[in-house]
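In: need a structure here:
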Amino acid sequence: MDDARRTVHLTADGRMTYETGVSGHGPTGAVLADLVAEEIRTWNADYHDRIPHIELPDTPAVPDRAAGRFVLDRPNHPITIIWE
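Out: Okay, here's the model as predicted:
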């Protein structure tokens, strides 16, 4: 999976805005890319004031949207995204 980010513009209050893209590779890459894109949309709508952290833990984390923790299920190592 690749991600891409490009600067879109500077806001009136001096913040940079970005556009993020995701592409998946392999037999289930498109499914994973769709999941990541959906979480990016969730972050943009509800959590953009928090800093995202991505983890690949050895054991699956428990998703908790209220706490800002999302889990992208994958066969070997689920991806945990935490909005702090």
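
In: and the strands in this structure?
Out: 2-10, 16-23, 52-55, 69-72, 79-83 (DSSP state E).

In: nearest to residue 41, of those strands?
Out: Of all those, it is strand 16-23 that lies closest to residue 41, at 9.8 Å by C-beta to C-beta. Yep, even glycine has a C-beta here, placed from its N, CA and C like the rest.

In: list the strands paired with the closest one, with their directions.
Out: strand 2-10 (antiparallel) (DSSP bridges).

In: what about the chain, any weak spots by pLDDT?
Out: For the chain, applying pLDDT under 70 flags the ranges 1-7.

In: quick one: neighbours of residue 27, just the number.
Out: By other C-beta atoms under 10 Å, 7 other residues sit near residue 27.

In: returning to that earlier point: redo the strands of the chain as TSV? Include distance to residue 39.
Out: Below are the strands of the chain laid out as TSV (distance: least, C-beta to C-beta, whole Å):
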stretch	distance to residue 39
strand 2-10	12
strand 16-23	10
strand 52-55	9
strand 69-72	5
strand 79-83	6
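
In: quick one: contacts for the residue lying closest to residue 83 once chain neighbours are set aside?
Out: Distance criterion C-beta to C-beta, 6 or more residues apart in numbering; nearest residue to residue 83, sequence neighbours excluded, is residue 68 at 3.5 Å. If you count contacts by C-beta atoms under 8 Å, 6 or more residues apart in numbering, residue 68 has them with 47, 50, 82-84.

In: need phi/psi at residue 68.
Out: phi 80, psi 30 (degrees, to the nearest 10).

In: one more: the one 10 residues further on?
Out: Here the main-chain torsion angles of residue 78 (degrees, to the nearest 10) amount to phi -60, psi 150.

In: what count of nearby residues applies to the closest residue to it other than its chain neighbours?
Out: Leaving aside its chain neighbours, residue 78 sits nearest to residue 60 (4.8 Å; criterion: C-beta to C-beta, 6+ apart). By the criterion of other C-beta under 10 Å, residue 60 has 12 neighbours.
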